[in-house]
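A.B. asks: This is a predicted model, with the sequence first.
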Amino acid sequence: MSSRLKALLYYITVRLMLAPVMLLAIASVVFLLMRATPGDPIDAILGPRAPESVKVALREQVGLTGSLLSQYLRYMYELCHVNDGKLIFSLGKSISTRDQTVWQIIKNFFPATAELAIYALIVAVTIGLTVGIIGALRPNTKWDVGSRLFGIVTYALPMFWVGMILQLVFSVQLGWLPSGARFPVGVEPPTPVVGLYTIDALFNGNWQALWTSLRYLILPAMSLGIVISGIFERIVRVNLRQTLLSDYVEAARARGIKPRAVLFNHALKNAMIPVITILGLTLASMLGGAVLIEVTFSWPGLANRLFEAILGRDYPVVQGIIVFFAIIVTIASLLVDIVNAWIDPRIKY
């Protein structure tokens, strides 16, 4: 085993050991923040005029009795404990719908968020790479200026504003696309396979459902993707321009290699290393950061469910969803480091 591989395995081992510590810290911070905010979840569910005896009974049932420390210890025990020799990882039960666990909520709502994030990432990468490459290949021209302006403007645009503008243009004015939801009301979605309607429709061979799913996906995916594309544009333009000025690219040109081969086989490959880093982390952040888009388009995803849980003071749901997103970010960060080390041998750990 080479020394570089040993160093990488050691780094991965350390990261895996630190991951539970980070998740514990995130769960603790969310626990404290939820209880530091004003308002009583029991009043949010039962109303302020409910009998006090009913409030006390519900508060005991959902574990909101006792001191803050006792609630915290109870929450941590339920989060991860050993029962009959098995490690149990429980995110608790919803206060507003007490017969439903947080894991069930995640299972029901996460596929919609994942589908939106994947298609939005495709839009962002396609637009960002295209504009960034054009700007890098034509420095100090109107194309370069336009590329820079695109990156600055899209990065600064509010997601909800972009979504509303697209709704007004393509839904209200032109009537080409639906303004919200994930599938038509009263129409049966494709038979579930993985939970993503477009993939489910492909597996079932239901082309009508595939087209319908794509029509409902276009506007929210474009809204989220356009804003995120500015990040990729700036990274690609800067790194590709630096790579094109490097010595090995000049040497490739001097050997008479075609410009297209120089771009794709030499320059773009090395310029894509930081893009891959941002790609994984952006996908992870989009899963938890699509709240505004999901609310704007009434998209039935996990981010929208998190927003509803915050409004309803549903502590277990808020804490559970944030911990779930933290797990995704941790895994994505680790995978990005491994891919970078595999692509670029210069990276050392």
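C.D. replies: Structure received.

A.B. asks: CA atoms for contacts and neighbours, from now on please.
C.D. replies: OK.

A.B. asks: how about the strands in the stretch 51-200 of the chain?
C.D. replies: Secondary structure of the stretch 51-200 of the chain by DSSP state E, counting those that start in this stretch: the strands cover 80-83, 86-89.

A.B. asks: Any chance of CSV for those strands, columns mean pLDDT, mean neighbour count and distance to residue 234?
C.D. replies: Compiled in CSV, these are given as follows (pLDDT from 0 to 100; neighbours: other CA atoms under 10 Å; distance: least, CA to CA, whole Å):
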stretch, mean pLDDT, mean neighbour count, distance to residue 234
strand 80-83, 73, 11, 42
strand 86-89, 76, 11, 40
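
A.B. asks: Any chance of CSV for the ones you listed, columns distance to residue 277?
C.D. replies: Compiled in CSV, the strands of the stretch 51-200 of the chain are given as follows (distance: least, CA to CA, whole Å):
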stretch, distance to residue 277
strand 80-83, 31
strand 86-89, 30
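
A.B. asks: Which among those is found nearest to residue 242?
C.D. replies: Comparison of these against residue 242 by CA to CA identifies strand 86-89 as nearest, at 47.1 Å.

A.B. asks: Contacts made by the closest one with the rest, please.
C.D. replies: With contacts defined as CA atoms under 8 Å, 6 or more residues apart in numbering, strand 86-89 is touched by 78, 79, 80, 81, 82.

A.B. asks: Swap in 7 Å and give it another go.
C.D. replies: Residues from elsewhere that reach strand 86-89 (CA atoms under 7 Å, 6 or more residues apart in numbering): 79, 80, 81, 82.

A.B. asks: Relative to the whole chain's centre, how far out is that strand?
C.D. replies: Strand 86-89 has its C-alpha centroid displaced from the chain centroid by 26 Å (CA atoms, centre = their mean, to the nearest Å).

A.B. asks: Pull out the buried positions in stretch 22-41.
C.D. replies: Within stretch 22-41, the residues scored as buried using 16 or more other CA atoms under 10 Å are 23, 27, 28, 30, 31, 34, 41.

A.B. asks: I meant stretch 251-262, not that one.
C.D. replies: 252, 262.

A.B. asks: repeat for stretch 8-18
C.D. replies: Within stretch 8-18, the residues scored as buried using 16+ other CA under 10 Å are 8, 11, 12, 15.

A.B. asks: still on that earlier bit, most widely separated two among the buried residues of stretch 22-41?
C.D. replies: Within these, 23 and 41 form the most distant pair, 24.3 Å apart (CA to CA).

A.B. asks: how about the helices in the stretch 201-349 of the chain?
C.D. replies: With DSSP state H, counting those that start in this stretch as the criterion, the stretch 201-349 of the chain has helices at 207-244, 247-254, 259-261, 268-271, 273-289, 291-296, 302-311, 315-343.

A.B. asks: Got phi/psi on residue 37?
C.D. replies: Recorded main-chain torsions at residue 37 are phi -80, psi 150, according to degrees, to the nearest 10.

A.B. asks: how far away is it from residue 58?
C.D. replies: Distance from residue 37 to residue 58, counting by CA to CA, to the nearest Å: 20 Å.

A.B. asks: Tally up the residues packed near residue 173, please.
C.D. replies: The tally of other residues near residue 173 (other CA atoms under 10 Å) stands at 10.

A.B. asks: Now do it, the pLDDT please.
C.D. replies: On the pLDDT scale, residue 173 is placed at 90.

A.B. asks: so where's the chain uncertain?
C.D. replies: Across the chain, the ranges flagged by pLDDT under 70 are 1-2, 4, 98, 265-266, 280-281, 284-285, 287-289, 340-349.

A.B. asks: domain assignment for it?
C.D. replies: Under the assignment automatic domain parsing, the domains of the chain span 43-90, 103-343.

A.B. asks: out of the buried residues of stretch 22-41, who's nearest residue 279?
C.D. replies: residue 23 (22.1 Å).
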